[in-house]
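Colleague: Have a look at this fold, sequence not included:
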Ligand SMILES: Nc1ncnc2c1ncn2[C@@H]1O[C@H](COP(=O)(O)OP(=O)(O)O)[C@@H](O)[C@H]1O
Ligand SMILES: [Mg+2]
């Protein structure tokens, strides 16, 4: 066997009641790979990402993170989640905590790290996203871009092996998108394994090792960003790219 | 001073409803009644908090065996008069409890809590907790559900257990948001203690009623009203203040009028210095 995959999704199905959203998704992501996922709204991108850390319960199929089967109910999902960072479209910072405390909370309560050490990790993490001067500020006083960078720092502080990004720049004003993408590019170049749902083509071309096009609950086409964007084979992909350009 | 009082007492309406002399003479008994009401309020409310929280989580459960009894309890209590609940619980309690007579007439049953016999006090507290627990349950549930689902997901995605997410993320936000409503419930409960006059507990209202019956004068009730207001007025102000503060923390802006006032003040200061 070659090097073990970071994330392996096998024949993933997910239904909400009668609505079948994922109809058999297979995807393998190697360590250090940056996979960009795109597709029309409602095609199941978020659902797939949320199945990876089991925020959604898959209907059938198996998912592995490194050696652990996420979908096996005997695995402690909280241990896996601590290794899988996730960043959301709507930031979801804890509004009653300062930026620093947002980053510290899970370090203290999940990893049981001492207060001093957690504080140091938090300050380093905030510095890494360029916000060390905002450590004691509450989320409401931060711009959307700054909030999203804190959210990234919060996820990174847990020292994750893989990061999931779900349209993290979609809720941002255009002038704030770049500061967040720059942080993500830095991460990608630093070797982080990333699954990124985004329509930012520039970002994809710059750092993605692979682009995956999803529609109707399955992966329709995948390849290098150049292959998928410049020379799509699938009719749906062509149609979709025609629309967003 | 005496002249003023004499003059006031000579006005029939004032004498019947606001007689300074009778109110003054009622004060010691009204004060006792106030203490009894406050004891019922504080013990009752404190015990209602865990009761309400439990009922709220039960009602939010996906398991119908847990959810349905909680829903039934909350609807039943909120849909019936407190006076009826008090009568049922106060007189039903002894029928249900084995060994009640021994307890009530025994040394513990005779202990006085702020002037109320323990055997009366526990029954009154049971009624208050059962009643207020249902209202608080709805306040808690609505508060918890008003916190966006993303908060729980963010906490869970960081590896927190549901319990940790509730303790460190959801509940602190909920409490801040519902604090004014919780305090309003506290004020309501205080006024509700007046209903215990119906079962012969010497709280504020029954004290006033006893004096009124003796003097054929309404003034003791007005005196009692003063005691109720002593607590409800400042607390009401505090609720309004908290609500305004909450609006600031939720929107990041001060309410318009305060902002406006500050701006005008700053402008005036500038003018003066120029
Ligand atoms: N919790 C849910 N309950 C019911 N339907 C859902 C739920 N989450 C997502 N869906 C539906 O699943 C489909 C795919 O949603 P999603 O994965 O969010 O798509 P995408 O992220 O690609 O826009 C949509 O039709 C959406 O309405
Ligand atoms: Mg989505």
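Modeller: That came in fine, so what should we check first? Quick caveat: nothing in here was measured; it's all calculated off a predicted structure. Ligands and ions are numbered 1, 2, ... in the order given.
Colleague: how about the residues of chain A near ligand 1?
Modeller: Contact residues, chain A versus ligand 1 (CB under 6 Å from any ligand atom): A:16, A:19, A:21, A:39, A:41, A:42, A:43, A:44, A:45, A:46, A:47. Where C-beta positions appear, they are placed from N, C-alpha and C, glycine not excepted.
Colleague: So the fifth one, which state does it fall into?
Modeller: Each residue gets one of three states, and residue A:41 gets coil by DSSP: H, G, I helix; E, B strand; the rest coil.
Colleague: which residues does residue 36 contact?
Modeller: Answering for chain A, as no chain was given. Going by CB atoms under 8 Å, 6 or more residues apart in numbering or on different chains, residue A:36 touches A:196, A:197, A:198, A:203, A:204, A:208, A:210, A:211, A:212, A:225.
Colleague: The intended chain is chain B.
Modeller: Residue B:36 touches B:114, B:115, B:116, B:201, B:202, B:203, B:204, counting by CB under 8 Å, 6+ apart.
Colleague: Now, those that are in helices?
Modeller: residue B:204 (DSSP state H).
Colleague: Nearest the middle, which residue of the chain would you pick?
Modeller: Just so you know, I chose chain A. For chain A, residue A:164 is the residue whose C-alpha lies nearest the centre (CA atoms, centre = their mean; 1.6 Å).
Colleague: meant chain B, my bad for not saying
Modeller: Nearest to the mean C-alpha position of chain B, counting by CA atoms, centre = their mean, stands residue B:186 at 2.0 Å.
Colleague: That one is in what secondary structure piece?
Modeller: helix B:171-192 (DSSP states H and E).
Colleague: With residue A:183 instead?
Modeller: helix A:174-189.
Colleague: quick check, distance from that helix to the centre of its chain.
Modeller: The chain centroid and the centroid of helix A:174-189 are separated by 13 Å under CA atoms, centre = their mean, to the nearest Å.
Colleague: Could you check that helix and say which residues are buried?
Modeller: A:176, A:177, A:178, A:179, A:180, A:181, A:183, A:184, A:185, A:187, A:188 (16 or more other CB atoms under 10 Å in any protein chain shown).
Colleague: about what we covered before: narrow the contacts of residue A:36 to those in strands?
Modeller: A:196, A:197, A:210, A:211, A:212 (DSSP state E).
Colleague: By neighbours, which of these wins?
Modeller: When neighbours are counted by other CB atoms under 10 Å in any protein chain shown, residue A:196 leads the ones in strands among the contacts of residue A:36 with 27 neighbours.
Colleague: Around chain B, which positions in chain A sit nearby?
Modeller: A:53, A:55, A:78-82, A:84-86, A:88, A:90, A:92-96, A:105-106, A:109-110, A:140-141, A:151, A:154-155, A:158 (CB under 8 Å from any CB of the partner chain).
Colleague: related to what we said a few turns ago, now the residues of chain A next to ligand 1: which count as buried?
Modeller: Using 16+ other CB under 10 Å as the burial test, the residues of chain A next to ligand 1 include A:21, A:39, A:43, A:44, A:45, A:46, A:47 as buried.
Colleague: I'd like the next helix or strand past the helix or strand that contains the last one.
Modeller: Same thing as residue A:47. Assessed by DSSP H and E, residue A:47 sits inside helix A:45-52. Moving toward the C-terminus from helix A:45-52, the first helix or strand encountered (DSSP H and E) is strand A:60-65.
Colleague: Now do that following strand against helix A:45-52, angle only.
Modeller: Angle between the axes of strand A:60-65 and helix A:45-52 is 70 degrees (criterion: axes from the mean of the first three to the mean of the last three CA atoms, to 10 degrees).
Colleague: Need the residues that contact whichever strand or helix holds residue A:86.
Modeller: Per DSSP H and E, residue A:86 falls inside strand A:84-87. The contact list for strand A:84-87 (CB under 8 Å, 6+ apart) reads A:49, A:52-53, A:55, A:65, A:148, A:151-152, A:155-156, A:158, A:160-166, A:168, B:154, B:157.
Colleague: what's the burial count for residue B:12?
Modeller: Residue B:12: 8 surrounding residues under other CB under 10 Å.
Colleague: And it, its phi and psi?
Modeller: Dihedral pair for residue B:12: phi -60, psi -50, per degrees, to the nearest 10.
Colleague: do the same with residue A:44
Modeller: phi 100, psi 10.
Colleague: Hmm, it is touching residue A:24, no?
Modeller: No. The criterion here is CB atoms under 8 Å, and residue A:44 misses it with residue A:24 at 10.9 Å.
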